[in-house]
Each structure stands twice: as C-alpha cells, then as structure tokens.
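Asks: no sequence for this one, just the structure:
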C-alpha cells in the first residue's frame, strides 16, 4: 500500500510539471526513483508483515469462531452420562473405613443395648433397685417416644430417601408413595397377626376354664371352640365371680405377652437394618451415627425391658427376662457383623441394595408405628395403674414421652 502511494505521488508530480519534452526528459529519473521506492518499501512491507500482525479495520475484521460456552465443550453426551450414572450406582466399597473402630462399635452397641433392657428387669429382682421403680416407668415412656419418633423421622425418612434415589429411575413404575404404602401394609399385617393370635389365646383360656368347671362341678359343658366367641361371656357369667376374674386375668396376661413379643419383633427387624447401615458407614459420619444409635438403643431397650419385666412367668422368670433382653441386645450387633462382612462388595446405590433397604425401612416404620401406638401409647396410658398414679406422675410421664420424641427428632438431623 505504501509503494502504490509513492507511485501515485510520482505520477501526479510528473503531470504537475507539464507535458512535452520536459516530462519526457525527466522520465528516466522518475523511473529510477519509482524503482528505488518500490524496492525499498517492498522489503519494508515484507519485513513488517513477518514481524508484526497486519492491522485490520473494524469494517473488515472477521469474527472469530469461539464455542458458545465452556459448558458446551465439557458437557458429556447422553451415552457418557448413562455410563457415568451406572458407574456411580454400581460403585462398591466404603471410603475411610476403620476396622478397629467398627469392631469397637459392635461391643459398644451390645453393652448399651443389654444394660438398657436389663435395668428394668434388675429393678424387679434386686432390692436396692426397687426404689428406682418410678425412674424405670419414666424411662419406659421416654422410650415409647423414642420408638415413635424412630418410626416417623428415621425409618420412614430413610425409606423415602432410599426409594427416591435416582438409581431407581424406572424401577418403581413412577409411583412415589411406595414407602407409605409398604408401611401401611406392615401396620395392617401386625394388627391382623395380633388379632388372630389374641383370638386363639382367648379361646384357649376359655376352653381351659370350661374343662376346670367340668372337673369341679361335674356338669356337662360343650367345648368353647364349638360355639361363637361372642357367646362366651354369657357362659362365664354363670361361673363364680372369682373364677371369671381369673379367666380374664389369664387372657389379659397372654395379651400383654403377645403385644410385648410383637414390639420386640418390630424392634429387632429395624435394629438389624440399623446395624448394617452403621457398618457400611465410614469417616466422621460413622462416629455421629454411632452416638445416635447408642442413645437410641439404650432407651429403646429400657422401654422393651420395662414391658418384659411387667410380665409374669411360671418357670424361671428371671432367666426368661434376661433371654428377651439378650435377644434385643444382639440384633443391632448382628446387623453390624453382616455389614462388616459384605462391605467390600456392598454397593449402597445399586438398585438391588436400594430396593432391599428401602422396603425393609418402610416395613420397619409400619411395625414400629403400630408397636409404639397400639402396644405402648394406648395400652400404657389406658392402664389402671397409670390412672391410679398421682397427677404429678402422669404429667411427668407425658413429658417424658414428648421428650423422647423430641430427642430422636433432633438426632434425625445427623443420623
């Protein structure tokens, strides 16, 4: 561009000096100047083009082709996303897992569970603990609140979270209420089982009463199993009042024993799940969960132990009570041992694992809810002994139950 500018100036200068011979005479020198200018400026242009970028005007500047955003270049394809999701869902093993701490946790849970369940039992048979009877009663209602909050906050919450995991997309048919449905099924199943077994116990007690009446009076009485249950009270009315009271007392004792065993079954099922969950947890989360479960197991054991201690057994009552406490104390450690054994191959987000844990959590929530409401709240608050207690004691029992619910609900934030 500079060379062309010099050429144009030279031509203009030649024209300005006139035409004719003078212009012609000056043409060789002009030609030499033009050649010199072209030679000099061409080299300068070539050197400048090598060493410096050629400037461009805003009108002729071409837009650079840049990606719309960095996200577009880094976003994986649908195939890569699916492969990533499968890898996350099928990942096995536990990070930051401490074997010594896990084994120590087994014994911590075992000891605290056994102490919580055995304290009320020991209070029935050890003299110096009998003065703490009110403490055990308050602990029982506190434990009832713990069990109730466990069913709602812990088990139901865990079931909703587990069955709502993204790794189960397409497995549940788009139905989001599986946890509540499974809990309701478990609750109704527990009610049906308790009703069926209670009816059999009632028939057995009435049949025993009829046989004792026949042997005592020599009267011919049809078998109780051959007549409807609704007719049995009229048959009992013909007996002596003391005998009727004994029959109903026998039925009531069997009903309490049945409800206690139903409560223990529900607690045992969810305790195994809790133990497995604890064993496959690592890092600082394990210590938090261990503290929460220790608190939970102690007061849950106290609620169960108080119910067991209230039962009467004809043979070796202390041994039977200790056996029930031992069964409860062993359930969570059993789950921990299972979790420790399978931790390396256990994939917590695999569909099979999520389905198993979610279904068991939901069923446990229903069982614990039925046990807490039907076998603890309704039964204990409707008991004759509770209504005979002082007003202050009743208020303390209500406060203890509410405190148990509040404590486990707060713990639910971390575990």
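Replies: Happy to help now that I have it. The model shown is predicted, which means the values in this text are computed figures rather than measured ones.

Asks: what's near enough to touch residue 293?
Replies: Counting by C-beta atoms under 8 Å, 6 or more residues apart in numbering, residue 293 makes contact with 109, 274, 278, 332, 415. Where you see a C-beta, it was placed from the backbone N, CA and C, and this is true even at glycine.

Asks: now it: how far from residue 302?
Replies: Remark: distance between residue 293 and residue 302 (C-beta to C-beta, to the nearest Å) = 15 Å.

Asks: next: residue 123.
Replies: 10 Å.

Asks: looking at the two, which one has more neighbours?
Replies: When residue 123 and residue 302 are compared for neighbours, residue 302 comes out ahead with 26 against 22, by other C-beta atoms under 10 Å.

Asks: where does this protein dip in pLDDT?
Replies: Along the chain, the model assigns pLDDT under 70 to residues 1-87, 92-94, 205-252, 415.

Asks: quick one: the helices in the stretch 151-300 of the chain, in order.
Replies: Secondary structure of the stretch 151-300 of the chain by DSSP state H, counting those that start in this stretch: the helices cover 157-163, 178-217, 232-237, 241-279, 284-309.

Asks: got JSON lines for these, with distance to residue 342 too?
Replies: Listed next are those as JSON lines, based on distance: least, C-beta to C-beta, whole Å:
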{"stretch": "helix 157-163", "distance to residue 342": "17"}
{"stretch": "helix 178-217", "distance to residue 342": "23"}
{"stretch": "helix 232-237", "distance to residue 342": "52"}
{"stretch": "helix 241-279", "distance to residue 342": "8"}
{"stretch": "helix 284-309", "distance to residue 342": "16"}
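
Asks: deepest in the core, which of those helices is it.
Replies: Ranked by mean neighbour count under mean count of other C-beta atoms under 10 Å, the helices of the stretch 151-300 of the chain are led by helix 284-309, which reaches a mean of 22.

Asks: which element follows it toward the C-terminus?
Replies: Using DSSP states H and E, the helix or strand that follows helix 284-309 in sequence is helix 317-342.

Asks: how much space between residue 282 and residue 144?
Replies: 33 Å.

Asks: out of those two, which sits in the busier spot?
Replies: The neighbour count for residue 282 versus residue 144, taken as other C-beta under 10 Å, is higher for residue 144 (31 against 16).

Asks: pretty sure that one sits against residue 376.
Replies: Yes: if you go by C-beta atoms under 8 Å, residue 144 and residue 376 touch, sitting 4.0 Å apart.

Asks: okay, and the common contacts of the two?
Replies: Taking C-beta under 8 Å, 6+ apart as the criterion, residue 144 and residue 376 both touch residue 303.

Asks: quick check: the gap between residue 173 and residue 188.
Replies: 22 Å.

Asks: and for residue 305?
Replies: As judged by C-beta to C-beta, residue 305 and residue 188 stand 28 Å apart.

Asks: one step back: so which of the helices of the stretch 151-300 of the chain is nearest residue 366?
Replies: Residue 366 lies closest to helix 178-217 among the helices of the stretch 151-300 of the chain, at 3.0 Å (C-beta to C-beta).

Asks: show me what counts as buried in stretch 356-368.
Replies: Within stretch 356-368, the residues that count as buried by 16 or more other C-beta atoms under 10 Å are 357-368.

Asks: for stretch 401-414, that is, sorry about that
Replies: Going by neighbour count (16+ other C-beta under 10 Å), the buried part of stretch 401-414 is 401, 404-405, 407-409, 411-412.

Asks: for the contacts of residue 293, give me CSV that also has distance to residue 310.
Replies: Converted to CSV, the contacts of residue 293 look like this (distance: C-beta to C-beta, whole Å):
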residue, distance to residue 310
109, 25
274, 26
278, 30
332, 24
415, 30
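
Asks: show me which of these is closest to residue 179.
Replies: Distance to residue 179 across the contacts of residue 293 (C-beta to C-beta) is lowest for residue 274, with 16.8 Å.

Asks: cross-check the contact I'm expecting between that closest one and residue 338.
Replies: No: applying C-beta under 8 Å, one finds residue 274 not in contact with residue 338, separated by 11.5 Å.

Asks: distance check, residue 314 against residue 253.
Replies: As judged by C-beta to C-beta, residue 314 and residue 253 stand 11 Å apart.

Asks: from the buried residues of stretch 356-368, which is closest to residue 270?
Replies: residue 364 (3.6 Å).

Asks: leaving out chain neighbours, which residue sits closest to the closest one?
Replies: Leaving aside its sequence neighbours, residue 364 sits nearest to residue 270 (C-beta to C-beta, 6 or more residues apart in numbering; 3.6 Å).

Asks: now do the contacts for that neighbour.
Replies: With contact set as C-beta under 8 Å, 6+ apart, residue 270 has these partners: 150, 155, 361, 364-365, 367-368.

Asks: do residue 316 as well
Replies: Residues near residue 316 by C-beta under 8 Å, 6+ apart: none.
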